[in-house]
Structure formats: structure tokens, C-alpha cells
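J.: My questions are about this predicted structure, shown below with the sequence.
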Number of protein chains: 2
Amino acid sequence: MPPAPVPERAPRQDNRRNALLDAAANQFAERGFHATSTRELAAAVGMLPGSIYYHFPSKSDLLVAVYDEGVRRIETAVAQAVDGVEAPWARVEAACTAHLEALLDGSAYARVVVRVQPEDAGESDAELIALRDRYEALFAGLIDDLDLPDAEASRALRLLLLGALNWVQHWYRPGRDAPHVIVHRFMGLLARGKTP
Amino acid sequence: MPPAPVPERAPRQDNRRNALLDAAANQFAERGFHATSTRELAAAVGMLPGSIYYHFPSKSDLLVAVYDEGVRRIETAVAQAVDGVEAPWARVEAACTAHLEALLDGSAYARVVVRVQPEDAGESDAELIALRDRYEALFAGLIDDLDLPDAEASRALRLLLLGALNWVQHWYRPGRDAPHVIVHRFMGLLARGKTP
DNA sequence: TATAAAACCAAGCGATCGCTTGCTTTAGGA
DNA sequence: TCCTAAAGCAAGCGATCGCTTGGTTTTATA
């Protein structure tokens, strides 16, 4: 997917593509895709509605771009958090904390990945699913290193953790427990390494 | 909340309010609230768009009615599943299975409760939140009976389980594992009753 | 400084949205 | 059987939707 109208020389300094992307990430994260209009997006960056289509061919493509950046940021945050940590369970806990911080304190981009359903992108839904799968594969690698009894247990733990973490946005209140506290409580509920 | 136009005598036999409610549950569950138009809803029950407003004052009120029925069905399913089961952990597992079956195999009403965000209902969002809280209180009671070390652990387990269960709809494939298998795997990952 | 592309404006297109109004058909209680 | 209310039709309102088109301004490069 090339940057919209295939610039044949360097983009200008006053290019507001990123500002537009930021506004879209915020609106999509807070109000959802369908509830956000292109006129609202344009107004948020001080632009006329039609000007959006210089940067993106459609509203759906704008969502894909936000989604892509969101996955990229979560991946980076998790990779950084895990780097240097040795013990497998500690690595998973660090990854969970980074994942949750990206969703809650982090940018709106990450929230879009969790909130917006891929089918909202219309015919581009496969792209969003592929992006999400790519990230989950990274997460699955960390869990495989735990050496659980079998592959089914690894898969179940991945789905349990990611599900619980992604759902936090529905009940999280900023004043209360910090992400790392929440994650630590969750990890404390798990049976680590026992074969029952 | 009285049945829309306050009928002063019994409703007629050919009343299609329920058919309309069913159609709304299906569309809201599969495509989301904003992506569903009143014309589509009317077409699904062989009715003209304007006729919807004889039964419901607004599209949002239609969502509230579906949501209310959804919560009611999940509550009933969980209460039935738990009835007769004695052991606290077995009761929680039975409740989780009933919850998941209601979301996956069950009616579309239950799926709406998990999929649609309360804020989509506009000014009626508080009603949806109250309904969701009412159900979670029922679930919390089952977890309190586990006699976990402290209240924080109980709360964490409730949020962990409900989050993981509600997220299942994003990766569930009907041919694969049945709900009770998924729940059993999740429960197998937990440290039951240990104080670490 | 001339020029070509980048970036955006101005205006509006056709389609669809939730919803209203006025009228007609139908069923149930007396 | 008659009458009233329930239920729905027919038609369209104003608003908003995503998006297009043609022209204008601005910046970087040569």
C-alpha cells in the first residue's frame, strides 16, 4: 500500500497527513468507526472534508492506516518491555504490562486495534485481521517459552490473557490501579507450571 | 419502561413487536448498532421503516430493549446452570460455561450485550451500564463463595474470567472446541484456592 | 526566479440516514 | 354486529453521509 497518491518527490514540510492520522485514531478510539464522520475528522485538524481524500482514498483506508500504526506501536512496546528480561514467566508478565499500558495510558492508535471490529473496514477487513494475527504470533512465542504441558494449554493461556487484557478498557478507571498492578493480580491467579 | 404506546387493552395476536426485536438483535449482534439502518430492520420483518416507530420511540430505545432482553437471558441461563451444583468451583465453572454458551450458541440477544458499546445508545447509555452491572453482581456472588484470600483477588478473578469469556467471540469457530471445553481449559490454568 | 508537483480549498453530487405525519386496514371487546 | 384502538402503510421531511471535481495556493527543486 503506497502512501496515497504516490509522491514522486519528498513530501512537503507542512504535510498534515500525520495530524489527520492522529485525529482519526482519537475519534475512532473514542467513538468508534461508524460514529465518526469525515467532516468531524476534517474539523479536528482544521481541514475541509474533501481534503482528506488527497491523503487517503477512502475512510476505510484511513482506518487501515490507523490500525497498522496501532499494531506497530503495541509490538514495539512489548518488544522493548521484554528485552533484557530472562525468566519466561517474567517475560510474559512484562509483555502483558506493556500491552495493557499501550491500551490504557498509551496512544489512541492502540485502542483502535482493540475497539474497532475488522469488519468495519469493509472489504479491507482481511488486512486488519492479518495485522492482529501478526501481533498475536509475537505474543504466542513468549508463552511457548513457558513450556506448558501441551500446545492446547499454551493456546488457552494466550487466549485467556489477551482476552482479559483487551477487556480491561471496559472497566478501567485512570485513578485506580495501575496497569502493572492489574497484570500482577491476574498473574497471581494462574497456576504456574504445575501439571495437575 | 411500559410497552411503547401504553396499550389500554391487550395487544393483538398479529403483533410483530417481537419479530422486530429479534431482527434488531440479529442485526445489532452481527453488524453493530451504527452499521444497521432502520430500513434494513424493517425489511427483515417485512415492514415499512416508519412502522418501527409505532413500537419504539427511537432506534436507541430499540437497542435498550434488545440489551435488556439479552441480559435477562444470560442471567436465566447462568442461574439454571448453577442450580443444583454444590461445590463453589464447580458452580463458577458451570456459570462460565452457561455464559459462554449464551454468547456463542445462544441467541443474538446475548451477543449484543457483549458487542455493542453502551455509549452507542446515546443518552440512554446509563441504562445499559446498569443492566450490565446487575448481571456482573450475580457473577460476583459466585466468585465470593470461593473464599479467595482477599476481596482484591475475587475482583481480579471476576474481571479476568469475564474478560476472557467475552473475548471468545472474536476467535471462536463453531466447528472447533465446544464452550464447555474452552471453559474447562481456562479453569485448568487457574491456581485454585492456593495462598501464594 | 521559474516551474512542477504537493497540498488544499470551494462547492456540491447522489445516496442514505433517523424520523414524522396523515391516512387506512384489521382485530378484539361490548 | 359495531366501534374503538391496535398496527401498519404511503410518502416524504430535513439532515447528514462518503466522496468527487475543478480550481487555487504553497512549497521545494532546478
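T.: Now that the structure is in, tell me what you want to look at. Numbers count the residues shown, from 1 in each chain, chains lettered A, B, ... in the order given.
J.: got a pLDDT number for A:P11?
T.: A:P11 is assigned 75 on the pLDDT scale.
J.: wait, A:D145 sits on A:W89?
T.: No - counting by CB atoms under 8 Å, A:D145 sits too far from A:W89 to count as a contact (9.3 Å). For the C-beta atoms, the positions are set from N, CA and C on the backbone; glycine is no exception.
J.: A:H184: how many residues sit nearby?
T.: 15 (other CB atoms under 10 Å in any protein chain shown).
J.: What residue, apart from its backbone neighbours, is nearest it spatially?
T.: The shortest distance from A:H184 to any non-neighbouring residue, by CB to CB, 6 or more residues apart in numbering or on different chains, is to A:E93 (7.1 Å).
J.: did I read that right, the one you found in a helix?
T.: Yes - when DSSP: H, G, I helix; E, B strand; the rest coil is applied, A:E93 is found to be in a helix.
J.: if I read this right, it contacts A:L190, doesn't it?
T.: No - judged on CB under 8 Å, A:E93 makes no contact with A:L190 at a distance of 10.0 Å.
J.: circling back: OK, contacts around the residue nearest to A:H184?
T.: A:E93 is in contact with A:183-184, A:187, counting by CB atoms under 8 Å, 6 or more residues apart in numbering or on different chains.
J.: Repeat that for A:L21.
T.: A:62, A:65-66, A:69.
J.: again, only using 10 Å
T.: A:41, A:45, A:55-56, A:62, A:65-66, A:69, A:109 (CB atoms under 10 Å, 6 or more residues apart in numbering or on different chains).
J.: now for the single longest helix found in chain A, which elements pack on it?
T.: Counting residues, the longest helix found in chain A (DSSP state H) is helix A:59-82. Packing contacts for helix A:59-82, counted by 3 or more CB pairs under 10 Å, 6 or more residues apart in numbering or on different chains; DSSP states H and E, involve helix A:17-31, helix A:38-44, helix A:52-55, helix A:88-104, helix A:108-115, helix A:125-144.
J.: rerun at 7 Å
T.: For helix A:59-82, the packing partners by 3 or more CB pairs under 7 Å, 6 or more residues apart in numbering or on different chains; DSSP states H and E come out as helix A:17-31, helix A:88-104, helix A:108-115, helix A:125-144.
J.: what does chain A put close to DNA strand D?
T.: Contact residues (CB under 7 Å from any atom of the strand) of chain A with DNA strand D: A:9-10, A:12-14, A:36-40, A:49-50, A:53, A:57-60.
J.: could you redo the last one with a cut-off of 6 Å?
T.: A:9-10, A:12-14, A:37-39, A:49-50, A:53, A:58-59 (CB under 6 Å from any atom of the strand).
J.: Turn the helices and strands packed on helix A:59-82 into TSV, columns for mean pLDDT and distance to B:L159.
T.: Shown next, in TSV, are the helices and strands packed on helix A:59-82 (pLDDT from 0 to 100; distance: least, CB to CB, whole Å):
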stretch	mean pLDDT	distance to B:L159
helix A:17-31	97	21
helix A:88-104	97	12
helix A:108-115	96	16
helix A:125-144	96	20
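J.: Report the contact partners of the residue nearest to the spatial centre of chain A.
T.: Residue closest to the mean C-alpha point of chain A, counted by CA atoms, centre = their mean, is A:A110 at 3.3 Å. Applying CB atoms under 7 Å, 6 or more residues apart in numbering or on different chains to A:A110 gives the contacts A:70, A:73-74, A:102-103.
J.: which residue packs closest to it, ignoring adjacent ones?
T.: According to CB to CB, 6+ apart, the nearest residue to A:A110 is A:A102 (4.2 Å).
J.: Got a PyMOL select line for the buried ones in the residues of chain A next to DNA strand D?
T.: Filtering these down to the buried ones (16 or more other CB atoms under 10 Å in any protein chain shown) takes a single PyMOL command:
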select buried, chain A and resi 38+59
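J.: near DNA strand C, which of the residues of chain A next to DNA strand D show up?
T.: Okay, of those touching DNA strand C (CB under 6 Å from any atom of the strand), that's A:9, A:12, A:14, A:49-50.
J.: among the helices and strands packed on helix A:59-82, which is nearest B:S124?
T.: Proximity to B:S124 (CB to CB) singles out helix A:17-31 among these, at 16.2 Å.
J.: Counting neighbours, which bits of the closest one end up buried?
T.: Buried, per 16+ other CB under 10 Å, within helix A:17-31: A:17, A:20-29, A:31.
J.: need the residues of chain A near chain B, please.
T.: Contact residues, chain A versus chain B (CB under 7 Å from any CB of the partner chain): A:32, A:34-35, A:117, A:152, A:156-157, A:159-160, A:163-164, A:166-168, A:171, A:185-186, A:188-191, A:196.
J.: So among those residues, which ones count as buried?
T.: A:32, A:34-35, A:117, A:156-157, A:159-160, A:163-164, A:166-168, A:185-186, A:188-190.
J.: in terms of contact, does A:G163 touch B:Q169 like I think?
T.: No - applying CB atoms under 7 Å as the test, A:G163 and B:Q169 come out as separate, 9.7 Å apart.
J.: In chain A, which residue sits nearest DNA strand D?
T.: Among the residues of chain A, A:G50 lies closest to DNA strand D, at 2.4 Å counting by CB to the nearest atom of the strand.
J.: for that residue, helix, strand, or coil?
T.: Three-state call for A:G50 (three-state DSSP): helix.
J.: Can I get stretch A:178-196 in PDB, CA atoms only?
T.: In PDB, the C-alpha atoms belonging to stretch A:178-196 read as follows (Å, rounded to 0.1, in the frame of the first residue of the first chain):
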ATOM      1  CA  ALA A 178      -2.100   1.000  37.500                       C
ATOM      2  CA  PRO A 179      -1.700  -1.500  34.600                       C
ATOM      3  CA  HIS A 180       1.200  -3.300  36.200                       C
ATOM      4  CA  VAL A 181      -0.800  -3.900  39.400                       C
ATOM      5  CA  ILE A 182      -3.700  -5.300  37.400                       C
ATOM      6  CA  VAL A 183      -1.400  -7.600  35.400                       C
ATOM      7  CA  HIS A 184       0.300  -8.700  38.600                       C
ATOM      8  CA  ARG A 185      -3.000  -9.700  40.200                       C
ATOM      9  CA  PHE A 186      -4.000 -11.600  37.000                       C
ATOM     10  CA  MET A 187      -0.700 -13.500  37.000                       C
ATOM     11  CA  GLY A 188      -1.200 -14.300  40.700                       C
ATOM     12  CA  LEU A 189      -4.300 -16.200  39.900                       C
ATOM     13  CA  LEU A 190      -2.600 -18.500  37.500                       C
ATOM     14  CA  ALA A 191      -1.100 -21.900  38.300                       C
ATOM     15  CA  ARG A 192       2.500 -21.500  37.100                       C
ATOM     16  CA  GLY A 193       4.000 -24.600  35.600                       C
ATOM     17  CA  LYS A 194       2.100 -27.200  37.600                       C
ATOM     18  CA  THR A 195       0.900 -30.300  35.800                       C
ATOM     19  CA  PRO A 196      -2.400 -31.100  37.600                       C
END
